[in-house]
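> After the sequence you'll find the predicted model.
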Amino acid sequence: MPLRNLVITGFVGTGKTTVARILARRLGRPFLDFDEEIARRAGRSIPEIFDQDGEAAFRAMEAALCREWSTPRGWVLATGGGTCLHPANRAALAAGGHLFFLYADLNEVARRLADATDRPLLRLRPGETLLERLQALWNAREAAYRAIPHWVDTTGRSPEAVAEEILQRLHELERTDDDDPHRGPDPTL
Ligand SMILES: Nc1ncnc2c1ncn2[C@@H]1O[C@H](COP(=O)(O)OP(=O)(O)O)[C@@H](O)[C@H]1O
Ligand SMILES: O=C(O)C1=C[C@@H](OP(=O)(O)O)[C@@H](O)[C@H](O)C1
Ligand SMILES: [Mg+2]
């Protein structure tokens, strides 16, 4: 039986791509970033896909990837920030892997993404600040995110420290094989 995948999901700008890359290197396992794969298949950037085909077309490509990754293959996967909002995507990825959900204080996310231009959902409306945009996105998504297990707080921590925590928690999960895909986040959060 192949190893389960290690799926790094979470809110936008919390370090999914960065941390998953570190984890793949540390574990010596292959790595795939969903956004990079979608852009590669489309031959276009994520903003171009959103602008030319619409968000629904992007979400359909994301859902297809989730279906492809519903079996254990031992890879490290970084999803996009919206991938696991959809219950079917979440269930598919959880069937083949362990999910970890990265989050951070939104002020810190805003600092990390201050210069980023590659996230169409963070385009600001007139007079809107990045923090306000992030807060609106978080408010709209929080209930769906709470269905994802294994939350990891990245606030004030380096990507290496976040990866280290995930490695330790992963080893514990693999040791006990006690990973219920339907379990919510730590109730103390
Ligand atoms: N733990 C962290 N502390 C500070 N900056 C971080 C951290 N993790 C990621 N970053 C930075 O934040 C930005 C977004 O990271 P990225 O990995 O693209 O996040 P995501 O894939 O979740 O959107 C990048 O500039 C990255 O270097
Ligand atoms: O939160 C979202 O819906 C999105 C997050 C992005 O990924 P990152 O979270 O890696 O930036 C990317 O998939 C797309 O712009 C949509
Ligand atoms: Mg990313």
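Happy to help now that I have it. Ligands and ions are numbered 1, 2, ... in the order given.
> Please identify the buried residues of the helix or strand containing Ala110?
Using DSSP states H and E, the element containing Ala110 is helix 106-112. Under the neighbour-count criterion of 16 or more other C-beta atoms under 10 Å, helix 106-112 has 106, 109-110, 112 buried. C-beta here means a position set from N, CA and C on the backbone, and glycine is covered the same way.
> Is the helix or strand bottoming out on mean pLDDT in the chain in proximity to ligand 2?
Least confident helix or strand, the chain: helix 159-176 with a mean of 95, by mean pLDDT, DSSP states H and E. No. Helix 159-176 does not reach ligand 2 (C-beta under 6 Å from any ligand atom); its nearest approach is 13.4 Å.
> Are there helices or strands packed against that helix, and which ones?
If you count contacts as 3 or more C-beta pairs under 8 Å, 6 or more residues apart in numbering; DSSP states H and E, helix 159-176 packs onto strand 5-10, helix 16-27, strand 97-103, strand 151-153.
> mind saving the C-alpha coords of the first one as CSV?
Below are the C-alpha coordinates for strand 5-10, written out as CSV (Å, rounded to 0.1, in the frame of the first residue of the first chain):
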residue,chain,number,x,y,z
ASN,A,5,-0.1,11.9,0.3
LEU,A,6,0.7,14.9,2.5
VAL,A,7,-1.8,17.7,1.5
ILE,A,8,-0.9,21.2,2.6
THR,A,9,-4.0,23.4,2.4
GLY,A,10,-5.1,26.6,4.1
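> Check which helices and strands the helix holding Ala110 is in contact with.
Checking 3+ C-beta pairs under 8 Å, 6+ apart, helix 106-112 ends up next to helix 130-145.
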